[in-house]
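Colleague: Curious how this folds, go ahead:
(one chain, ligands or ions: 1)
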Amino acid sequence: MSAAVPDPIIRVRGLVNRFGKQVVHDGLDLEVRRGEILGVVGGSGSGKSVLMRSIIGLRRPDEGEVEVLGIDALNATEAQRRHIEQHSGVLFQDGALFSSLTVGENVQVPLKEYHRHLPEPLLYELALLKVKLSGLPAEAINKLPSQLSGGMRKRAGLARALAMDPPLLFLDEPTAGLDPIGAAAFDDLVRTLQQALGLTVFLITHDLDTLYAICDRVAVLADKRVIACAPLPEIERLDHPWVREYFHGPRARAAKDTGAPGQTAEASC
Ligand SMILES: Nc1ncnc2c1ncn2[C@@H]1O[C@H](COP(=O)(O)OP(=O)(O)OP(=O)(O)O)[C@@H](O)[C@H]1O
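Modeller: Purely as a prediction, here's the structure:
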């Protein structure tokens, strides 16, 4: 049975994060398996974004171990750190696009950082490819973020996250602020890209529809830890106050009726 479980591409052990006296994580463990879409859920302030920031290297945790792509991220050399950055695409909650740059120029930012020698026409072609891959029309490449709708800005952020063809994609609440049709289309896009490109996706969300539609497993943050990490049917059976409220309220019932079940896998993290 264990032979069928893919290797972890991210492994977090004993993570502790504190802000002054506030303890956000206290001995958190998590494994993200190669090729899965892992949904990360938890109440507001439970530490989902801080966890993501600890994994991608934007925050140094107070204690614990973080392994990404087989590299000990907290003791990585400069070259190893760049390797992780180069192989991780991140879509932040607000898109984090440079407002004075066009969509195409935004997508080119990581390309120029890591491939300084690339000629301009090739940079443009690569950016155009990512723009189209993200479901935007070609003409969006010359628009400023302020000229796009919220859904298009998310797609532009995704295009930039995919610029370096990363095997690992981090999405922080990608459907927040989108209408249900736009959110469902974005879910479809993420699933399609994940399957076509073989991505591993770490997806923070509050969106129950997203969980039911595209997540293979779900990690629940509560009580300063990941209290469970498993396919949805197993998560739904957990006897925990937050899980009961979140997964068995009226919104959960509606989402269950429309979503597709994730794959079956083992419950452990
Ligand atoms: N730089 C910081 N300085 C101080 N406190 C912080 C900082 N970053 C996060 N926190 C605190 O850590 C806790 C967890 O924050 P985090 O953003 O990870 O929550 P979250 O689970 O992503 O919440 P939400 O679902 O509302 O986005 C919060 O109480 C937050 O105020």
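Colleague: which residues are there in the chain that come within reach of the ligand?
Modeller: 19, 24, 42, 44-50 (Cβ under 6 Å from any ligand atom). From N, CA and C alone the C-beta is placed, and that goes for glycine too.
Colleague: tell me which of these is nearest to residue 32?
Modeller: residue 48 (13.5 Å; Cβ to Cβ).
Colleague: my guess is that closest one meets residue 221, correct?
Modeller: Yes - between residue 48 and residue 221 there is a contact at 5.8 Å, judged by Cβ atoms under 8 Å.
Colleague: among the residues of the chain next to the ligand, who's most crowded?
Modeller: residue 47 (24 neighbours; other Cβ atoms under 10 Å).
Colleague: How about the contacts made by that residue?
Modeller: 17, 24-25, 28, 221, 224 (Cβ atoms under 8 Å, 6 or more residues apart in numbering).
Colleague: Do you know the pLDDT at it?
Modeller: Looking at residue 47, its pLDDT stands at 96.
Colleague: what about it, distance to residue 221?
Modeller: Going from residue 47 to residue 221 by Cβ to Cβ, to the nearest Å gives 6 Å.
Colleague: And residue 15, how far from the ligand?
Modeller: 12 Å (Cβ to the nearest ligand atom, to the nearest Å).
Colleague: name the helices or strands packed onto the helix ranked longest in the chain?
Modeller: Counting by DSSP state H, the longest helix found in the chain is helix 180-197. Counting contacts by 3 or more Cβ pairs under 8 Å, 6 or more residues apart in numbering; DSSP states H and E, helix 180-197 is packed against strand 37-42, helix 150-161, strand 168-172, strand 200-204, helix 208-214.
Colleague: Report the distance from that helix to the chain centre.
Modeller: 13 Å (Cα atoms, centre = their mean, to the nearest Å).
Colleague: That one relative to strand 37-42, how many degrees between them?
Modeller: 140 degrees (axes from the mean of the first three to the mean of the last three Cα atoms, to 10 degrees).
Colleague: Okay, buried residues for stretch 139-154 please.
Modeller: 140-141, 143, 145, 148, 151-154 (16 or more other Cβ atoms under 10 Å).
Colleague: for stretch 199-215, same thing?
Modeller: Quick answer for stretch 199-215 (16+ other Cβ under 10 Å): 199-205, 207-215.
Colleague: And the strands in the stretch 51-200 of the chain?
Modeller: 63-68, 71-72, 88-91, 168-172, 200-204 (DSSP state E, counting those that start in this stretch).
Colleague: Please identify every residue contacting each of residue 47 and residue 221.
Modeller: Joint contacts of residue 47 and residue 221 (Cβ under 8 Å, 6+ apart) are residue 28.
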